[in-house]
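Student: give me a model of this one.
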Amino acid sequence: MEDLYDYIIVGAGSAGAVLANRLSADPRNRVLLLEAGPKDSNPFFHMPLGYAVTLKSRRYNWQFPTAPDPETGNRVHLWPRGKALGGSSSINAMIYIRGNPGDYDGWRQIGCVGWGADDVLPYFKRSEDYEHGAVPGHGVGGPLPVREAAFVHPLSLALIEAFEQSGIPRRDDFNVGAQEGAGLCQFTIEKGRRASTARTFLKQAMGRPNLRILTEALAHRVVIEEGRAVGVAYERHGRTHIARAAGEVILSGGAVNSPQLLELSGIGDAERLRALGIAVVRHLPGVGENLQDHYSVGLSWVLKPGTPSLNSEAHGLPMLKSLVRYLVHRDGMMAVGPAHVTAFARTRPELLWPDIQYHAAPASLDADAYKRNELVFHEEPGITIAVCVLRPEARGSIHATSADPRVYPEIRPEYLSAESDRRATVDGLKLTREVFSRPALATLIEREREPGCHARSDAELLALARETGTTIYHPVGTCAMGPADDPMAVLTPDLKVRGVEGLRVADASIMPRLVSGNTNAPSIMIGEKAADLILGREPPAGEPWPADPRHAPAPGDAGAA
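Tutor: Model (predicted):
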């Protein structure tokens with residue numbers, strides 16, 4: 001017997017958990033939430049530095065391999081994506097950054113009506129419970145805690161000072177104004193525990209009798225009859241089931257899983273689908289195209305003996321003491337994310353807003369292990385920083401390679417395939433060295449570990465980027481929304497799949513362009529806005545993004561300079 005619901009949500013991640021909460025808030029709505037992974041019951045989910053365990057897990061993490069990537073030495077990059085309640089919000093670095101207002105104004109300018117900066121700010125605020133109260137641009141009382149770091153290392157403060165000495169201002173809040181500056185990260189952490197969307201949005205809703213949550217339920221396809229999505233076929237514990245939707249089916253599987261599921265359901269490029277033996281329901285050539293990601297290149301330094309860094313706390317008895325401190329007080333190094341400092345900078349003075357972002361930790365890590373999604377700390381004291389280009393021009397793709405939903409899709413990221421991305425990456429690496437030459441850090445440094453003195457020229461730095469960089473876990477764009485005259489747009493601006501009734505997508509895959517920063521907060525915002533679109537609610541009144549008088553206003557076009 002088939003179960004009947006008003007709404008079926010596929011994926012319990014950053015956006016899907018929000019939707020499950022908001023759609024089930026009305027007791028008249030029967031809601032089913034399907035999640036391919038297990039419950040988030042492992043204690044490492046909730047300890048912030050438990051990230052080191054879940055990042056390399058294959059039970060809680062999809063660990064998608066890419067195809068060999070031509071511009072990065074034909075290397076295969078390993079993409080961690082959350083596979084549990086909370087999705088990637090259960091395994092990410094917990095950094096809360098919304099992006100630049102110009103990102104969203106750029107979406108609106110290309111035809112995504114309702115997605116400008118002033119349109120989306122109320123949805124960011126709706127989710128948020130900001131530590132410092134209802135100051136301009138922030139919200140209070142929402143499910144998602146946004147907090148300052150519970151632990152600040154002196155080395156992090158020295159790094160911020162070095163950025164200041166390089167002309168990059170100190171910034172306390174990256175979610176107002178034009179972003180430029182360096183400062184401590186804000187985190188989705190509450191009282192020393194990760195605040196994933198499972199622990200926040202889903203926890204609020206779990207007791208509702210009209211919400212059913214099924215874990216370890218792998219979606220096989222959307223059931224489509226006479227041009228309308230009417231349900232989802234899924235597998236659970238070796239048996240196949242069909243759940244039917246009287247209202248809508250919403251895909252929230254993320255930038256990898258959502259386009260794959262559309263293709264498995266017969267929605268995508270017709271020729272590609274026929275080659276896989278999949279009956280074509282709707283020819284949409286944009287499905288799986290427009291892939292964008294932040295490609296990150298790291299550098300690290302060895303510090304002088306005796307210089308404090310987290311390396312000394314990551315081994316032996318000091319690590320045990322840090323664990324005991326965490327268990328007793330919920331603070332210390334294990335109560336914050338792996339990156340403590342972030343910075344946004346311009347590689348060229350003519351740019352109106354930052355084009356690169358840094359993530360830094362007061363410790364040095366094994367670079368090869370990091371590419372395997374493992375955090376391995378060096379023995380001697382050190383510091384690590386990574387740079388990524390915020391708005392890459394490179395475009396890749398994600399496509400199903402089989403009609404079997406268990407077979408991973410082919411991911412072609414096409415990192416560094418655009419000249420502008422290569423240029424900004426090299427300039428970002430040069431700026432990194434400039435920052436580390438400033439007195440605040442130079443007096444602490446013994447030598448550069450990665451890459452060392454062999455990479456000096458632009459050509460050598462580009463070779464370094466090709467050889468050592470990898471994803472920083474921000475794939476988007478593979479089910480992009482767009483205007484009616486865009487033949488590659490998969491979705492309308494109200495997130496409906498073109499030409500198929502009763503089917504929407506709500507996750508990071510809907511972004512037409514990658515935002516300038518980390519993608520978890522924007523994905524949560526997408527879930528909030530999608531709920532209003534699905535329920536037919538009037539959007540909240542637009543609200544100007546708080547300005548920062550120290551910097552030029554962000555341009556409307558996301559790629560403008």
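
Student: off-centre distance for stretch 463-476?
Tutor: The chain centre lies 14 Å from the centre of stretch 463-476; the measure is CA atoms, centre = their mean, to the nearest Å.

Student: show me what counts as buried in that stretch.
Tutor: 463-466, 468-476 (16 or more other CB atoms under 10 Å). All C-beta atoms are positioned from the backbone trio N, CA, C, and that covers glycine.

Student: next: stretch 35-52.
Tutor: Neighbour-count burial for stretch 35-52, with 16+ other CB under 10 Å as criterion, is recorded at 35-37, 40, 42, 44-52.

Student: pLDDT averaged over the lengthiest helix in the chain - what is it?
Tutor: In the chain, assigned by DSSP state H, the helix with the most residues is helix 419-436. Across helix 419-436, the average pLDDT comes to 97.

Student: may I see the buried residues of it?
Tutor: In helix 419-436, counting by 16+ other CB under 10 Å, buried: 421-429, 431-432, 435-436.

Student: ok, Leu273 to Ser509 distance?
Tutor: To Ser509, Leu273 is 18 Å away according to CB to CB, to the nearest Å.

Student: swap in Glu248?
Tutor: Here Glu248 is placed at a distance of 17 Å from Ser509 (CB to CB).

Student: those two: which has the busier surroundings?
Tutor: Shown here are Glu248 and Ser509; by other CB atoms under 10 Å, Ser509 has more neighbours (33 against 19).

Student: give me the pLDDT value at that one.
Tutor: Looking at Ser509, its pLDDT stands at 98.

Student: for Ala219, see how far away it is.
Tutor: From Ser509 across to Ala219, the span is 15 Å (CB to CB).

Student: likewise for Arg406?
Tutor: Counting by CB to CB - Arg406 and Ala219 are separated by 11 Å.

Student: Met124: which element?
Tutor: Actually, residue 124 is Phe. It isn't Met. Assigned by DSSP states H and E, Phe124 falls within helix 117-127.

Student: next SSE downstream of that helix?
Tutor: Assigned by DSSP H and E, the successor of helix 117-127 is strand 128-130.

Student: in the helix or strand following that next one, what's buried?
Tutor: Remark: after strand 128-130, the chain's next helix or strand is strand 144-148, criterion DSSP H and E. Neighbour-count burial for strand 144-148 flags 144-147 (criterion: 16+ other CB under 10 Å).

Student: list just the nearest of these to Ser309.
Tutor: Arg147 (23.5 Å; CB to CB).

Student: for that closest one, list each beta-bridge partner.
Tutor: Phe187 (DSSP bridges).

Student: quick check: the two most widely separated of the buried residues of stretch 35-52?
Tutor: Across those (CB to CB), the longest gap, 25.6 Å, separates Ala36 and Leu49.

Student: neighbour count winner among Arg406 and Ala219?
Tutor: Neighbours were counted for Arg406 and for Ala219 using other CB under 10 Å; Ala219 has more, 25 against 8.

Student: what strand or helix carries the more buried one?
Tutor: Element membership for Ala219, per DSSP H and E: strand 217-225.

Student: show me what that strand is packed up against.
Tutor: Identification of packing neighbours for strand 217-225 by 3 or more CB pairs under 8 Å, 6 or more residues apart in numbering; DSSP states H and E yields strand 228-236, strand 239-251, helix 254-264.

Student: which residues does Arg473 contact?
Tutor: Slight slip there: residue 473 is Tyr, not Arg. Contact partners of Tyr473, counting by CB atoms under 8 Å, 6 or more residues apart in numbering, are 79-81, 88, 92-93, 294.

Student: doesn't it belong to a helix?
Tutor: No: secondary structure of Tyr473 (DSSP: H, G, I helix; E, B strand; the rest coil): coil, not part of a helix.

Student: tell me, what's the model's pLDDT at it?
Tutor: 96.

Student: looking at the buried residues of stretch 35-52, which is nearest Ala279?
Tutor: After measuring the buried residues of stretch 35-52 against Ala279 - CB to CB - the closest member comes out as Ala36, at 23.5 Å.

Student: doesn't Leu218 make contact with that closest one?
Tutor: Yes: between Ala36 and Leu218 a contact is recorded at 4.7 Å, counting by CB atoms under 8 Å.

Student: what about Ala279, how many neighbours?
Tutor: 10.

Student: now the residue nearest to it when sequence neighbours are not counted: how far from Glu434?
Tutor: Distances taken as CB to CB, 6 or more residues apart in numbering put Gly266 closest to Ala279, at 5.3 Å, once the chain neighbours are dropped. Remark: distance between Gly266 and Glu434 (CB to CB) = 53 Å.

Student: spit out the contact partners of Gly268.
Tutor: So Gly268 contacts 259, 262, 283-285, 287-288, 399-400 (CB under 8 Å, 6+ apart).

Student: returning to what we had before: residues in contact with the longest helix of the chain?
Tutor: Applying CB under 8 Å, 6+ apart, the set of residues contacting helix 419-436 is 159, 162-163, 165-166, 168, 295, 297, 299, 301, 345, 347-348, 355-356, 358, 385, 387-389, 392-394, 415-416, 441-442, 445, 448, 458, 461-462, 464-465, 469.

Student: can you select the buried ones from the residues you listed in ChimeraX?
Tutor: Command for ChimeraX that selects the buried part of those, burial taken from 16+ other CB under 10 Å:
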select :159,162,163,165,166,168,295,297,299,301,345,347,355,356,358,385,387,388,389,392,394,415,416,441,445,461,462,464,465,469
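
Student: inside helices: which ones of the contacts of helix 419-436?
Tutor: Per DSSP H, the subset of the contacts of helix 419-436 in helices is 159, 162-163, 165, 441-442, 458, 461-462, 464-465.

Student: in JSON lines, list the residues you listed along with pLDDT and distance to Phe201.
Tutor: JSON lines is the format used below for these (pLDDT from 0 to 100; distance: CB to CB, whole Å):
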{"residue": "Leu159", "pLDDT": "98", "distance to Phe201": "33"}
{"residue": "Ala162", "pLDDT": "98", "distance to Phe201": "38"}
{"residue": "Phe163", "pLDDT": "98", "distance to Phe201": "34"}
{"residue": "Gln165", "pLDDT": "98", "distance to Phe201": "41"}
{"residue": "Leu441", "pLDDT": "97", "distance to Phe201": "40"}
{"residue": "Ala442", "pLDDT": "96", "distance to Phe201": "45"}
{"residue": "Asp458", "pLDDT": "96", "distance to Phe201": "46"}
{"residue": "Leu461", "pLDDT": "96", "distance to Phe201": "42"}
{"residue": "Leu462", "pLDDT": "97", "distance to Phe201": "42"}
{"residue": "Leu464", "pLDDT": "95", "distance to Phe201": "41"}
{"residue": "Ala465", "pLDDT": "96", "distance to Phe201": "37"}
